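[1] compute the structure for the input listed below.
(chains A, B, C and D)
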Protein chains: 2
Amino acid sequence: MDTELLKGTLSLLILSLLSRKSMYGYEIAATVHRDTDGAFTWREGSLYPSLHKMQADGLIVGQWEEKETGRKRRYYHITEKGRAALKGKLRSWTELCQAVNRILEKAHGPT
Amino acid sequence: MDTELLKGTLSLLILSLLSRKSMYGYEIAATVHRDTDGAFTWREGSLYPSLHKMQADGLIVGQWEEKETGRKRRYYHITEKGRAALKGKLRSWTELCQAVNRILEKAHGPT
DNA sequence: GATAAAACAAAGGAGTCCTATGTATCGAAC
DNA sequence: GTTCGATACATAGGACTCCTTTGTTTTATC
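    Sure thing, here's the model as predicted:
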């Protein structure tokens, strides 16, 4: 896939997933990879810095937790600010799709 | 609009427009701005370098033309290589939309 | 003839994502 | 019991796209 098109969708999808339940980094990447049939394969080098930045921006909060397995993982929780940002990003995403499709349909006809 | 989401759509839309008819730079920007109701407002600093790069990549060819008005404009024409690239980018765009929407629908329910 | 819009161009910078590398833990196989 | 792969987190460095800014020239308008 054209990787340039992915830009900006990373934070959108992370916030979307975290709005349902708290997850840890590796789990987020695995979930997206599975649910998109491998269309999205985020590298750790993309994911973790993005999570750190979103935490710095106050959109999410991460804290180490130790479940019954005995393994320590950093679970991320969405904040109120994060939910507001998600709302805006969802609207942007919808607008983008409509705008692009409007141009494409004019050129290639409605699908 | 979240400008990060725009990345990669620029070349897709340029190729899409040029696949119908040849246009000059300013015309492309004005068309996109109009057809998207102002959702896309490409700056010259984004458009022209992108056109130059696409020409360097052999996707389009630009040549000065002087119409009856007497004004000289650089019209860009799509190449065969450009049409092939457009095909791929269209597929990527469709895949991206489906993948993102699949994640979003799982989190927020189908719209 | 001054001003705004049309039309093209290039330099510099910001931001996002990828590649590569490193560390540590857990479970399974041998 | 130790070796190996998967799990899990982290950072540095670089590539790439797009934006901001600035500049020039031509055409139309007042």
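[2] report how many residues lie close to the nearest residue to residue A:8 once chain neighbours are set aside.
    Nearest in space to residue A:8, with sequence neighbours left out and distances taken as Cβ to Cβ, 6 or more residues apart in numbering or on different chains, is residue B:4 at 3.2 Å. Just so you know, the C-beta spots here come from the backbone N, C-alpha and C atoms, and that holds for glycine as well. Other residues within reach of residue B:4 by the criterion other Cβ atoms under 10 Å in any protein chain shown amount to 15.
[3] I figured residue B:4 hits residue A:7, correct?
    Yes. The criterion here is Cβ atoms under 8 Å, and residue B:4 meets it with residue A:7 at 5.2 Å.
[4] hmm, back to that, SS state for the residue nearest to residue A:8?
    Reducing the assignment at residue B:4 to three states with DSSP: H, G, I helix; E, B strand; the rest coil gives helix.
[5] returning to that earlier point: who touches both of residue B:4 and residue A:7?
    Contact criterion Cβ atoms under 8 Å, 6 or more residues apart in numbering or on different chains; no residue bridges residue B:4 and residue A:7 by contacting each.
[6] run a quick neighbour tally on residue A:22.
    By other Cβ under 10 Å, 16 other residues sit near residue A:22.
[7] please apply the same query to residue A:63.
    Around residue A:63 sit 10 other residues, with neighbours defined as other Cβ under 10 Å.
[8] quick one, phi psi at it?
    With angles defined as degrees, to the nearest 10, residue A:63 shows backbone torsions of phi -150, psi 140.
[9] setting aside sequence neighbours, what's the nearest residue to it?
    Skipping the residues right next to it in sequence, residue A:63 comes nearest to residue A:75 by Cβ to Cβ, 6+ apart, at 6.3 Å.
[10] before we move on, which element is the one you found in?
    Secondary structure here is read from DSSP states H and E; on that basis residue A:75 sits in strand A:72-78.
[11] what about that strand, near DNA strand D?
    Yes. Where contact is defined by Cβ under 7 Å from any atom of the strand, part of strand A:72-78 touches DNA strand D, namely A:73-75.
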